[in-house]
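Colleague: The amino acid sequence is not available; the structure is as follows:
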């Protein structure tokens, strides 16, 4: 039988680490643990919505980026890569798959060079219109328990934290502390 106990609260996790390893920094736990848990809940829920809408996450990302670009809903593969933060290879694969499905078309970039211009087809436009309505409507449902001012404050704090984490995560890790003789190897 499956254990149905709720997960430990971040406070309980931090307290247990302070008890078991006094001096271990636990101040991040009340921030990081709920963020991880929320990310999992949002991701799982979005996957259900996308399955029902008949679109996968990568295709949603591609079509959404093209749709948000405004009419004529066309970007170069380089522009797509910059806006989606995925590699050129991943963009190429996404575009090829969406083109096979009739959701986008590719053409030489009319501005010249070796660039490729990717455009939404009518079928791609129809799919993203339906999908974005379902995804964003569902996400609003999930967060509407917060007042607008609370959502605004949370969004500002998350943006601040994201910027700081992005900057700090780009710095090299310090050298690992030497293991004590009584520590178990990982």
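Modeller: Perfect, I can see it now. If you're wondering where the values come from, they're calculated on a predicted model, not measured in any experiment. Numbering: from 1, shown residues only.

Colleague: Pick out the least confidently modelled helix or strand of the chain, by mean pLDDT.
Modeller: helix 77-84 (a mean of 91; mean pLDDT, DSSP states H and E).

Colleague: Flag every buried residue along the following helix or strand past it.
Modeller: Per DSSP states H and E, helix 77-84 leads on to helix 88-100 as the next helix or strand towards the C-terminus. Neighbour-count burial for helix 88-100 flags 90, 91, 94, 95, 98 (criterion: 16 or more other Cβ atoms under 10 Å). Backbone N, C-alpha and C define where each C-beta goes, glycine included.

Colleague: Need these in a markdown table (columns: distance to residue 135).
Modeller: Listed next are the buried residues of helix 88-100 as a markdown table, based on distance: Cβ to Cβ, whole Å:
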| residue | distance to residue 135 |
| --- | --- |
| 90 | 20 |
| 91 | 21 |
| 94 | 17 |
| 95 | 21 |
| 98 | 17 |
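
Colleague: So which of these is the closest to residue 83?
Modeller: residue 91 (9.9 Å; Cβ to Cβ).

Colleague: doesn't residue 80 make contact with that closest one?
Modeller: Yes - contact criterion Cβ atoms under 8 Å: residue 91 and residue 80 qualify, at 5.1 Å.

Colleague: Now list whatever residues contact both of the two.
Modeller: Counting by Cβ atoms under 8 Å, 6 or more residues apart in numbering, the common neighbours of residue 91 and residue 80 are residue 62.

Colleague: What's the biggest helix in the protein, counting residues?
Modeller: In the chain, with assignment by DSSP state H, the single longest helix is helix 29-53.

Colleague: what's the burial count for residue 25?
Modeller: 10 (other Cβ atoms under 10 Å).

Colleague: One more: residue 15?
Modeller: 14.

Colleague: Same list (the buried residues of helix 88-100) but as JSON lines, adding distance to residue 75 and pLDDT.
Modeller: Shown next, in JSON lines, are those (distance: Cβ to Cβ, whole Å; pLDDT from 0 to 100):
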{"residue": "90", "distance to residue 75": "15", "pLDDT": "92"}
{"residue": "91", "distance to residue 75": "10", "pLDDT": "92"}
{"residue": "94", "distance to residue 75": "12", "pLDDT": "94"}
{"residue": "95", "distance to residue 75": "10", "pLDDT": "95"}
{"residue": "98", "distance to residue 75": "13", "pLDDT": "96"}
